[in-house]
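**Q** fold the following.
(one chain, ligands or ions: 2)
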Amino acid sequence: MKVDVLLGLQWGDEGKGKIVDVLAPAYNVIARFQGGPNAGHTLEFEGRKHVLRSIPSGIFHEGIMNVIGNGVALDPLLFKEEAEVLAASGFDLTKRVAISKKAHLILPTHQLLDAAYEASKGEKIGTTGKGIGPTYMDKMGRSGLRVGDLLKDDFMARYEDLKAKHDHIFLSMFYPYYTKTLEAKWHDATDYLKRFEWIDSEHVINHYLKDGKAILAEGAQGTMLDVDFGSYPFVTSSSTICAGCCTGLGVAPRHIGEVYGIFKAYCTRVGSGPFPTELSDSTGETLCRQGYEFGSVTGRKRRCGWIDLVALKYAIMINGVTQLIMTKSDVLDAFDVIKACVAYRIDGKEVMEFPYEINNPIEPIYTELPGWKTPMTGMQSENEFPEEFNAYLSFLEEELELPIKIVSVGPDRAQTIVRN
Ligand code: IMP
Ligand code: MG
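**A** Numbers count the residues shown, from 1 in each chain. Ligands and ions are numbered 1, 2, ... in the order given. Below you'll find the predicted structure:
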């Protein structure tokens with residue numbers, strides 16, 4: 001057996017949660033391998049909407065084990081809040097979620113450091129403010145605390161040590177803060193965490209593989225936010241790409257199977273940083289309105305633009321994508337003309353390969369395709385697709401050199417069409 005991986009190919013919010021939920025019945029295990037509560041995966045079914053942050057998107061199906069892997073940064077307090085909301089909706093997670101002992105803990109001071117660093121920066125990253133960057137800094141700096149450390153007798157001493165390190169940083173930044181109330185709640189939440197199974201997830205995942213269990217690894221954020229290959233420094237602090245699944249779960253590269261790459265029929269970005277195809281005009285407004293493009297974690301309005309094939313091809317290459325999934329197709333229903341960026345013009349030169357950085361002025365070069373001007377949200381099969389939509393799909397498949405296997409035409413689980 002192999003581990004299949006599902007990833008976002010743009011700047012996040014491609015609809016990964018929805019697609020994992022749709023694919024879940026074919027899997028025994030769903031695993032998160034990176035990121036943390038900066039993610040917001042929205043799922044809709046049976047007239048209800050759920051937003052997941054740290055918890056994998058397989059929890060709505062009975063009999064599926066959901067693993068939070070070692071590559072994840074976990075905030076016990078936010079995890080508790082998330083799990084309690086789900087419990088109130090009738091989903092008891094204690095038997096469905098297992099947590100890696102090697103996942104790093106987001107401390108209250110990590111969250112405050114995130115705010116302090118942002119405040120000190122001239123050019124803001126626009127982080128989600130969940131302490132992601134500072135937690136991964138401590139992980140790489142070998143000062144971090146892990147879930148398994150909570151079982152050690154000297155955990156409180158280790159916690160105070162790390163907090164003292166953070167205090168030095170706050171002092172040097174003249175950043176006053178108060179954490180007592182937050183800390184009390186955080187420590188309570190670490191007790192709540194003990195209701196869940198803590199596992200050596202690398203062993204568990206590899207045993208599952210040996211036993212022939214089907215595993216799906218669920219990415220968070222998107223390839224263009226990857227710490228190495230994204231639009232650095234306007235990125236998140238984890239490996240959001242396929243290789244992140246190997247280090248974030250302990251899966252050997254040769255055990256990676258299908259790589260599902262998800263993209264929206266257009267493009268969005270939340271937070272700051274370069275965005276070549278961004279539209280600041282009424283078309284951008286229409287995309288935002290039609291696509292209801294507001295962040296599910298922070299509520300921030302997302303920036304919108306046309307699809308960027310230069311960036312998409314780069315993402316497909318880095319991840320070794322084997323099949324594509326296109327979401328939010330219905331958002332383009334009303335447009336007369338659909339545009340797709342096929343190259344960048346930089347300093348008067350046409351560039352087809354994604355460059356070192358995209359921070360300097362880039363003029364997108366577009367191909368225009370006719371819109372379908374037909375509502376797609378009610379469609380049940382690909383036989384109903386308008387001719388112009390099929391032409392858009394064929395154009396993308398030819399450009400991207402991969403098949404688009406699934407098309408999503410609305411937020412609900414039911415609004416998903418698998419193509420033959
Ligand atoms: P951080 O991950 O909170 O440090 O934020 C770094 C950048 O990544 C910011 O631009 C965020 O808006 C963006 N970001 C982080 N998580 C997500 C996500 O799940 N979807 C979209 N953007 C995200
Ligand atoms: Mg999201």
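
**Q** for the rest of this, base every contact and every neighbour count on C-alpha atoms.
**A** Noted.

**Q** check contacts around the residue in the stretch 301-420 of the chain that ligand 2 sits nearest to.
**A** Taking Cα to the ion, ligand 2 has its nearest neighbour within the stretch 301-420 of the chain at residue 302, 10.4 Å off. Contacts for residue 302 (Cα atoms under 8 Å, 6 or more residues apart in numbering) come out as 268, 269, 270, 271, 288, 293, 294, 295.

**Q** ranges for the helices of the stretch 301-420 of the chain?
**A** Remark: helices assigned in the stretch 301-420 of the chain by DSSP state H, counting those that start in this stretch are 309-319, 387-400.

**Q** can I get these in CSV with mean neighbour count, mean pLDDT and distance to residue 71?
**A** Below are those laid out as CSV (neighbours: other Cα atoms under 10 Å; pLDDT from 0 to 100; distance: least, Cα to Cα, whole Å):
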stretch, mean neighbour count, mean pLDDT, distance to residue 71
helix 309-319, 20, 98, 17
helix 387-400, 15, 98, 30
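
**Q** could those be laid out in TSV, adding distance to residue 97?
**A** Output for the helices of the stretch 301-420 of the chain, formatted as TSV (distance: least, Cα to Cα, whole Å):
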stretch	distance to residue 97
helix 309-319	27
helix 387-400	36
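
**Q** quick one, which of those helices is nearest to residue 138?
**A** Ranking the helices of the stretch 301-420 of the chain by their distance to residue 138 (criterion: Cα to Cα) puts helix 309-319 first, at 26.6 Å.

**Q** that older thread, so which of the contacts of residue 302 also contact ligand 1?
**A** Contacts with ligand 1 within these, counted by Cα under 6 Å from any ligand atom: 270, 271.

**Q** out of the contacts of residue 302, give me the one that has the most neighbours.
**A** Within the contacts of residue 302, most neighbours by other Cα atoms under 10 Å means residue 268, with 27 neighbours.

**Q** ok, that residue to residue 221 distance?
**A** Going from residue 268 to residue 221 by Cα to Cα, to the nearest Å gives 12 Å.

**Q** pLDDT at residue 341, what is it?
**A** Predicted confidence (pLDDT) for residue 341: 98.

**Q** redo the helices of the stretch 301-420 of the chain as CSV? Include distance to ligand 2.
**A** Written out in CSV, the entries for the helices of the stretch 301-420 of the chain read as follows (distance: least, Cα to the ion, whole Å):
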stretch, distance to ligand 2
helix 309-319, 18
helix 387-400, 24
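
**Q** what's the span of stretch 203-218, first residue to last?
**A** With Cα to Cα as the measure, stretch 203-218 spans 18 Å from end to end.

**Q** that stretch: which residues count as buried?
**A** 205, 206, 208, 209, 213, 214, 215, 216, 217, 218 (16 or more other Cα atoms under 10 Å).

**Q** looking only at pLDDT, what's the mean for whichever strand or helix holds residue 119?
**A** In this assignment (DSSP states H and E), residue 119 forms part of helix 108-120. The pLDDT scores in helix 108-120 average 96.

**Q** contacts for it?
**A** For helix 108-120, contacts defined as Cα under 8 Å, 6+ apart pick out 124-127, 129-135, 163, 166, 170, 173, 175, 177, 179, 182-183, 186.

**Q** following element in sequence after that helix, please.
**A** Counting by DSSP H and E, what follows helix 108-120 is helix 132-140.

**Q** if you look at the helix holding residue 119, does any of it touch ligand 1?
**A** No - counting by Cα under 6 Å from any ligand atom, ligand 1 has no neighbours in helix 108-120; the shortest distance is 7.7 Å.

**Q** which residues are in contact with both of residue 268 and residue 221?
**A** By Cα under 8 Å, 6+ apart, residue 268 and residue 221 have these common neighbours: 11, 12, 13.

**Q** near ligand 1 too, which of the residues you listed?
**A** Within those, those near ligand 1 by Cα under 6 Å from any ligand atom are 11, 12, 13.

**Q** now do the SS call for the first one.
**A** When the structure is reduced to helix, strand and coil (DSSP: H, G, I helix; E, B strand; the rest coil), residue 11 reads as coil.

**Q** pLDDT value on it, please?
**A** Residue 11 is assigned 97 on the pLDDT scale.

**Q** what is the burial count for it?
**A** 22.

**Q** of all the shared contacts of residue 268 and residue 221, which comes closest to ligand 2?
**A** Lowest distance from ligand 2 to those (Cα to the ion) belongs to residue 13, with 4.0 Å.

**Q** the closest residue to that closest one other than its chain neighbours: helix or strand, and which one exactly?
**A** Leaving aside its chain neighbours, residue 13 sits nearest to residue 221 (6.8 Å; criterion: Cα to Cα, 6 or more residues apart in numbering). For residue 221, there is no helix or strand it lies in under DSSP H and E.

**Q** so residue 367 sits against residue 343, correct?
**A** No - applying Cα atoms under 8 Å as the test, residue 367 and residue 343 come out as separate, 9.3 Å apart.
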